[in-house]
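[1] Have a look at this fold, sequence not included:
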């Protein structure tokens, strides 16, 4: 049975990632980059687009790396423990405005923002899988999830509410205000993430990917093709030549498959 301290520690993980870092990145960063940092609207828009495309690649890679991690801290907790300081540090550096020219600022913003997205993925993806190895009791999982939701929403509310007051309290130029607030919030986010990694426990071992025998592969591929066929039939556009091409491409891509990986994360 998990103690209250562990449930609060688990909630701190999303309070840091979702309630502080992501709230500021999604709301304050666009205004900061254009009004304070000095990027044009076009540069800021392209940066956000590139970051989302970058995220599409890093998320599945991080999931694979996290599942294969084995250490004295467990499978997922090491990423929180060792990623806490880079997480807070890079976030603080993103809200700092260096004395560079337009090209230098553009390179600084792109490099650090993509690095921030990578570190955010490095911390948040293992955190999302952590609950599956903390307990197998469904009621306890619901309790952990409730604490997580309350922590994220409460911290997000506090962050958004206090941000303008913190700016007035710090004073000085807008660049100075964002730099100081970024440092403070970065330290808080790092401490919360570290506490989440150190004060939680992995009681279960994640179920690794397994390889099915060839006798089961054919059945699995046939079932996959049948389901795709049924799904595409519901779309009017797919009752024409495009549907035939899509289904043919699907079959060609899977005809040479030697095995299939099936991942189970313990969360039902």
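    It's in. The model shown is predicted, which means the values in this text are computed figures rather than measured ones.

[2] Under the pLDDT cut-off, which ranges of the chain? List them.
    Across the chain, the ranges flagged by pLDDT under 70 are 208-268.

[3] now the helices for it?
    Secondary structure of the chain, counting by DSSP state H: helices at 4-16, 23, 29-31, 41-67, 77-94, 102-134, 138-170, 174-199, 214-233, 241-255.

[4] Would you mind giving these as JSON lines with mean neighbour count and distance to residue 206 added?
    (Each C-beta comes from the backbone N, C-alpha and C, glycine too.) Output for the helices of the chain, formatted as JSON lines (neighbours: other CB atoms under 10 Å; distance: least, CB to CB, whole Å):
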{"stretch": "helix 4-16", "mean neighbour count": "22", "distance to residue 206": "17"}
{"stretch": "helix 23", "mean neighbour count": "20", "distance to residue 206": "30"}
{"stretch": "helix 29-31", "mean neighbour count": "16", "distance to residue 206": "34"}
{"stretch": "helix 41-67", "mean neighbour count": "14", "distance to residue 206": "6"}
{"stretch": "helix 77-94", "mean neighbour count": "21", "distance to residue 206": "12"}
{"stretch": "helix 102-134", "mean neighbour count": "19", "distance to residue 206": "5"}
{"stretch": "helix 138-170", "mean neighbour count": "15", "distance to residue 206": "15"}
{"stretch": "helix 174-199", "mean neighbour count": "20", "distance to residue 206": "16"}
{"stretch": "helix 214-233", "mean neighbour count": "12", "distance to residue 206": "22"}
{"stretch": "helix 241-255", "mean neighbour count": "12", "distance to residue 206": "26"}
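
[5] now those helices as CSV including distance to residue 205?
    Shown next, in CSV, are the helices of the chain (distance: least, CB to CB, whole Å):
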stretch, distance to residue 205
helix 4-16, 18
helix 23, 34
helix 29-31, 38
helix 41-67, 11
helix 77-94, 13
helix 102-134, 7
helix 138-170, 17
helix 174-199, 18
helix 214-233, 24
helix 241-255, 31
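
[6] And the contacts of stretch 20-33?
    39, 43-44, 47-48, 87, 91, 94-95, 109, 116, 120, 155-156, 159-160, 163, 178, 185, 188-189, 192 (CB atoms under 8 Å, 6 or more residues apart in numbering).

[7] Contact partners for the residue nearest to residue 83 when sequence neighbours are not counted?
    Using CB to CB, 6 or more residues apart in numbering and skipping residues adjacent in sequence, the residue nearest residue 83 is residue 123, 4.5 Å away. Counting by CB under 8 Å, 6+ apart, residue 123 makes contact with 17, 79-80, 83-84, 87, 193.

[8] Farthest pair within these?
    17 and 79 (11.9 Å; CB to CB).

[9] Now list whatever residues contact both of these two.
    Counting by CB under 8 Å, 6+ apart, the contacts common to residue 17 and residue 79 are 123, 127.

[10] Quickly note the distance from residue 128 to residue 186.
    Here residue 128 is placed at a distance of 22 Å from residue 186 (CB to CB, to the nearest Å).

[11] Switch the contacts of residue 123 over to JSON lines; also include distance to residue 173.
    As requested, those are arranged in JSON lines below (distance: CB to CB, whole Å):
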{"residue": "17", "distance to residue 173": "29"}
{"residue": "79", "distance to residue 173": "37"}
{"residue": "80", "distance to residue 173": "35"}
{"residue": "83", "distance to residue 173": "32"}
{"residue": "84", "distance to residue 173": "30"}
{"residue": "87", "distance to residue 173": "27"}
{"residue": "193", "distance to residue 173": "30"}
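
[12] Pretty sure residue 83 sits against residue 122.
    Yes - under the criterion of CB atoms under 8 Å, residue 83 makes contact with residue 122 at 5.0 Å.

[13] Which residues are in contact with each of these two?
    Residues touching both residue 83 and residue 122 (CB under 8 Å, 6+ apart): none.
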